[in-house]
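In: Provided below for reference: sequence and predicted model.
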Amino acid sequence: MNVKSVVENKEKFEVELIVEVGQEEFEAAIEKVYRKSRGNISVPGFRKGKAPRKVIEGMYGAGVFYEDAIEEIYPEACTAAIKEKGLDHVAPPQVEILTLGKEGFSFKAVVTVRPEVTLKQYKGLEADKVLPTITEEAVDNELKQYVERATQLVAVEREAQMGDTAVIDYEGLKDGVAFAGGTAKGYELALGSGTFIPGFEEQVVGMKAGDEKDIELTFPAEYHAEELAGQPVVFKVKCIEVKEKQAPALDDEFAKDVSEFDTLDEFKADLKNKIIDRNMQQSEAKFRQALLAQLCDQIDIELPEAMVETQIDRFVDNYAARLESQGISLETYMQYMQMDVKQIRDDLREPAITQTKQQLALDAVVAAENIVISDEEVEAEVKKAAASLNMPYERVVEGLDSENLKKDLARDKAMAVVAENAKANMIAAEADDGEIKLTSVTKEEVEAEKEEKKAKKTKAKKTTEEGEEAPKKTTRKKKADAEAEKVEE
C-alpha cells in the first residue's frame with residue numbers, strides 16, 4: 001500500500017488521499033476471496049468447490065474476483081493510509097476506485113478531519129444550581145408506593161362501591177345470541193378503572209355476592225369490532241364476590257415488613273435521604289447541562305457536514321436498535337407514524353449538531369487539561385457496567401471499542417473540571433401550597449449552615465467525652481444518620 005498524493009481542502013475540512021495497492025497485496029486478496037467463494041461456484045467437470053482458480057477465471061473472466069478482493073482489502077488499506085498521515089478523521093471516508101487491473105488498483109479516499117477548535121474559556125462559568133427542600137408531603141408520597149404494594153384485596157359482605165373489585169361471571173348477548181369475546185367467569189373487575197365500555201361498571205356498583213342482573217348497553221360507535229360498533233347488547237351478570245382494598249396500618253410493624261428498619265421513623269428518615277440524594281443528582285445534572293451549553297458558546301467552530309451526518313447515522317442506528325428490542329422494525333414504525341427516513345433525519349439534525357458541538361467543546365477541555373485515560377480506568381468502568389447490568393465481565397468486554405470508551409471517560413473528566421471550576425448560583429426550592437418557588441441564597445449562607453451543623457456535632461461529641469450519657473441509637477439508625485450527614489456535607 002502506497003499513499004501517492006495528499007490534497008487538503010481546509011474550507012471543507014477534507015483531505016484527499018490517492019492510495020495505490022500493489023500487485024502482491026492485490027493478488028493475496030484475490031486468492032483469499034477465491035478460497036472463500038469457490039465452494040459456491042459450479043464448474044462442469046469438477047466437484048463443487050474443487051475447480052481451480054484459473055479455470056473459474058477462464059469461464060467468467062480474469063476479473064471475476066476483483067470486486068470482492070477490493071472489498072476485502074480497501075478498508076484496511078484506507079485505515080492504514082489515514083494512520084500513516086496522522087489524520088484525525090471524524091466520519092467514514094468516501095472512497096472511489098480510480099484504476100484497476102491485475103497489477104493492482106488505486107483509489108481516492110476523501111477523509112473528513114476534525115476541525116480546529118478555539119476554546120475561549122472553560123473555567124469560571126456560571127449557572128444556577130437548585131438546592132431542593134424536601135417536605136413531609138414528598139416523603140409521604142414516596143411512602144405511598146410501599147403502602148400500595150402492601151395493600152391487599154379482602155372479601156367483604158356488602159354492596160359493591162366504586163374503588164372495589166367485583167368478581168363476576170358475565171355473558172354478552174346481541175339479539176339474544178352470545179357474541180365473541182363477551183363471556184367470562186370469575187373476572188376481577190376494578191370498578192372505576194374504565195376497563196369495560198361506558199355504563200357497565202356503574203351498573204355493577206350496588207351488586208353484592210349472589211346478585212344477578214341484566215345490564216343493557218350500547219357499544220360506542222367507534223368500537224374496534226365493527227359488528228358491535230353502535231349496537232345495543234345485554235350482559236347477563238352474576239356477582240360472585242366483592243373485595244375492597246385494605247391498606248396496612250402505618251406503624252413500626254409495617255416498616256419492618258417493607259424495609260430493613262425497625263421503626264417507621266427510621267424508615268421515613270431513610271426515604272427522605274434517598275429523595276434528597278435523587279434530587280441532588282438531578283440538580284447536579286441540570287447544573288452541568290447548563291454549563292455545557294455555555295461551554296459550547298465558548299468555542300468558535302464550523303461543523304463539517306459529514307460530521308453532522310455521521311452523528312445522525314448513529315442516532316438512527318440507536319433508535320432502530322431500541323425499536324428492535326421492542327419487537328418493532330424501523331420500517332414498521334415509519335409506516336405507522338406515516339414518516340420517511342428523510343423526516344426522521346431532519347428531526348434529528350438539531351440534536352446531532354448540539355451533541356457534536358458538546359463533544360468538540362469537551363475534547364478541547366481534554367486537550368487543555370492533558371487528560372489521559374489509562375487501560376486500568378477502562379477496565380474498572382467495564383467491571384462497573386458488568387455489575388450494574390448483572391452480566392459477566394467477558395460478555396460486556398466482548399466487541400468493546402476501548403478507544404471510544406476512553407474518549408467518553410475523558411469527556412466525563414473534562415466536564416467534572418468545568419463543574420468544579422464553575423460558580424454555582426445557589427437556588428433554594430421551597431414548597432408553598434403545592435407551588436415551587438425559587439429563592440436565591442448565597443454560597444456563603446450554605447457554607448455557614450454546614451459549619452453550624454458541624455459545630456453542633458462537635459459539641460455533642462465533647463459532651464459525650466466529658467461523661468454525659470449519649471443517646472442510644474440502633475445500628476440502622478446510625479447508618480441513616482451517617483447517610484444524612486454525607487448528603488448535607
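Out: Done, it's in.

In: contacts, neighbours, all on C-alpha from now
Out: Noted.

In: any idea whether residue 414 is helix, strand or coil?
Out: Recorded secondary structure, residue 414: helix (DSSP: H, G, I helix; E, B strand; the rest coil).

In: for it, which residues are in contact?
Out: 362-363, 365-366, 369, 371 (CA atoms under 8 Å, 6 or more residues apart in numbering).

In: distance between the ends of stretch 256-274?
Out: 18 Å (CA to CA, to the nearest Å).

In: for stretch 129-137, same thing?
Out: 23 Å.

In: please apply the same query to stretch 257-267.
Out: 11 Å.

In: one more: stretch 149-167?
Out: 21 Å.

In: give the buried residues for that stretch.
Out: 155, 159-162, 164-167 (16 or more other CA atoms under 10 Å).

In: ok, back up a step: just name the closest of the contacts of residue 414 to residue 203, please.
Out: Using CA to CA, residue 362 comes nearest to residue 203 of the contacts of residue 414, at 63.1 Å.

In: roughly how far does that closest one sit from residue 114?
Out: Applying CA to CA to residue 362 and residue 114 gives a distance of 14 Å.

In: which one of these two has more residues nearby?
Out: More crowded of residue 362 and residue 114, by other CA atoms under 10 Å: residue 362, with 26 against 17.

In: residue closest to the middle of this protein?
Out: The geometric centre of the chain, computed from its C-alpha atoms, lies nearest to residue 322 (CA atoms, centre = their mean), at 9.2 Å.

In: for that one, helix, strand, or coil?
Out: Applying three-state DSSP: residue 322 is helix.

In: just the strands from this structure, written as ranges.
Out: Here the chain has its strands, by DSSP state E, at 2-9, 14-21, 94-101, 104-112, 118-119, 126-132, 152-155, 165-174, 177-190, 212-218, 232-246, 299-300, 423-432, 435-440.

In: how about JSON lines for those strands, with mean pLDDT added?
Out: Shown next, in JSON lines, are the strands of the chain (pLDDT from 0 to 100):
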{"stretch": "strand 2-9", "mean pLDDT": "84"}
{"stretch": "strand 14-21", "mean pLDDT": "93"}
{"stretch": "strand 94-101", "mean pLDDT": "93"}
{"stretch": "strand 104-112", "mean pLDDT": "93"}
{"stretch": "strand 118-119", "mean pLDDT": "90"}
{"stretch": "strand 126-132", "mean pLDDT": "87"}
{"stretch": "strand 152-155", "mean pLDDT": "94"}
{"stretch": "strand 165-174", "mean pLDDT": "96"}
{"stretch": "strand 177-190", "mean pLDDT": "94"}
{"stretch": "strand 212-218", "mean pLDDT": "95"}
{"stretch": "strand 232-246", "mean pLDDT": "96"}
{"stretch": "strand 299-300", "mean pLDDT": "86"}
{"stretch": "strand 423-432", "mean pLDDT": "74"}
{"stretch": "strand 435-440", "mean pLDDT": "46"}
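
In: show me the shaky parts of the stretch 301-450 of the chain.
Out: Within the stretch 301-450 of the chain, the ranges that satisfy pLDDT under 70 run 429-450.
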